[in-house]
Structures are given as C-alpha cells and as structure tokens.
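Could you look at this predicted model? Sequence included:
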Amino acid sequence: LLRARGHILDMKYTHLYIDEVPFDFKVMEKTQKASQQEKWSFTRFETTGLIYFEIKGYGGRVWTDGKVLIEERMASILVKIESEVSEMLECWRQNAEHKREREEKERIIREHQELIDKEKAAFKDLYQQAKRWQRARFMREYLNAYEQNAIEKGVLTDEVKQWLLFSRDRVELFDPLVNKADDLLNHLNINKILDL
C-alpha cells in the first residue's frame, strides 16, 4: 500500500518516507505482563494476539488491533499520516517563508542603519573639516598679528621669522583646504591632536 501510493519503505532500517519526511515505524505484537509465580522472579511477558503499528517522529502515533484489524485499517491510517504530513509540510513552508521575510526585514533594517551610520560619519567629518578650517584661519590671524606686533616693537629677529615660517607651515598642514603633506606628521591624526 505504501509503495503503491509512491512512498519509500526501507525495511532494513524500518524507515518510512512520506513526501520525503522520514518516520521510524514498527509493526509488533502487543505483550502483557504474565502472572508471576515467585515473588523475586524476573518479569515475564506473554503475547496477546493483538498487532500494533507505530510511527515515531513528528508527534508519533500508535494504532492497535481492535474490532477492526490493523491490516484492514492501513488505508485509512495511511490517509491520516499523509494528511498530517501535508499539514506539517505546509507549516514548514510557512515557517520558511516567515524566516525569509524576517531575514529580508532584518537586512533592510541593517542596510538602513549602515546608511545612517555612513551619513553620521560623513557629517562628523564635514564638521571636523570646517572646525579645522576655522582654527587654521584663527591661527593665521594670530600669526599675522604676532608678526605685526613684532614689527611695531622692532623685535622681528631672524629667530622670530624662523618661528613664524615654521608655524605658518604647520598651519598649512592643519588647514583641510590646503592639506599639505608632511612625512613626519602624515601618520598622525590631526583631529586627535587638537581634540576635534
């Protein structure tokens, strides 16, 4: 009956595959405890003449001989198992669909968060560049004022000129519009030096 309905039956390992869903099964005779003669003897079992069919896995189920024998009920038992398998496969399909939908929502949220993080980083960088430019202007104004003050006081020495030249060179390194390269300071993060 199982094979006629297109199912796979593996008698070697007592596996039954309905729509590729595996079940362990067994067909056995029921037993019952025999009345014991001695108080400390091993429990003995005796046969009942009743056959039962059991499938294990995915809820499992047992059918036993009654007024109607198992072999006469196999068609209805198989229809019941097939129906449960169909419901189970539909449930698995829905679960897989829900999982795909959830993963897609998570992917969209993750990509959205990455865009937000990218925008934040870009804005922070813009803010730091603007601050560096503002501070570079501030330092240039200071150096111009310092130089003007030195000229007015008559103390514009070679040493002061050398310091002004060095300082203006450092401002060029700091100004993001100039971004002058310097081998010594290239590896340093200018923003961290000035706590921007």
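Cool, the structure landed.

worst-scoring helix or strand of this protein, pLDDT-wise?
Across the helices and strands of the chain, mean pLDDT, DSSP states H and E gives its lowest value to helix 190-193, namely a mean of 59.

which SS class is the residue nearest the centre of the chain?
Among the residues of the chain, the one closest to the centroid is Glu103, at 8.5 Å (CA atoms, centre = their mean). Secondary structure assignment for Glu103 (DSSP: H, G, I helix; E, B strand; the rest coil): helix.

Repeat that for Thr48.
strand.

What pLDDT is listed against the residue nearest to the centre of the chain?
If you check Glu103, the pLDDT there is 97.

Quick one: distance of whichever strand or helix holds Lys120 to the chain centre.
Per DSSP states H and E, Lys120 falls inside helix 70-153. The chain centre lies 12 Å from the centre of helix 70-153; the measure is CA atoms, centre = their mean, to the nearest Å.

which strands and helices sit next to it?
strand 15-18, strand 21-33, strand 45-56, strand 61-64, helix 158-174, helix 190-193 (3 or more CB pairs under 8 Å, 6 or more residues apart in numbering; DSSP states H and E). C-beta coordinates here come from the backbone N, C-alpha and C atoms, glycine included.

6 Å instead, please
Identification of packing neighbours for helix 70-153 by 3 or more CB pairs under 6 Å, 6 or more residues apart in numbering; DSSP states H and E yields helix 158-174.

which parts of the helix it packs on are buried?
Across helix 158-174, burial judged by 16 or more other CB atoms under 10 Å covers 164, 167, 170-174.

What of stretch 53-66?
53, 55, 63, 65.

Just checking: the least confident one among these is which?
Ile55 (82).

does that residue really touch Val21, like I thought?
No. Contact criterion CB atoms under 6 Å: Ile55 and Val21 do not qualify, at 10.6 Å.

Let me know the outermost residue of the protein.
Gly154 (71.3 Å).

separation between that residue and Val160?
Applying CB to CB, to the nearest Å, the value for Gly154 to Val160 is 11 Å.

same check, this time on Glu104
Glu104 is 67 Å from Val160, by CB to CB.

ok, now Arg3?
Taking CB to CB, one finds Arg3 at 104 Å from Val160.

for Leu2, same thing?
103 Å.

what does Arg100 give?
When Arg100 is compared with Val160 (using CB to CB), they lie 72 Å apart.

Also Gly66?
For Gly66, the distance to Val160 - CB to CB - is 114 Å.

Enumerate every residue touching the nearest residue to Trp133 once chain neighbours are set aside.
Distance criterion CB to CB, 6 or more residues apart in numbering; nearest residue to Trp133, sequence neighbours excluded, is Pro176 at 5.5 Å. The contact partners of Pro176, taken as CB atoms under 6 Å, 6 or more residues apart in numbering, are 129, 132-133.
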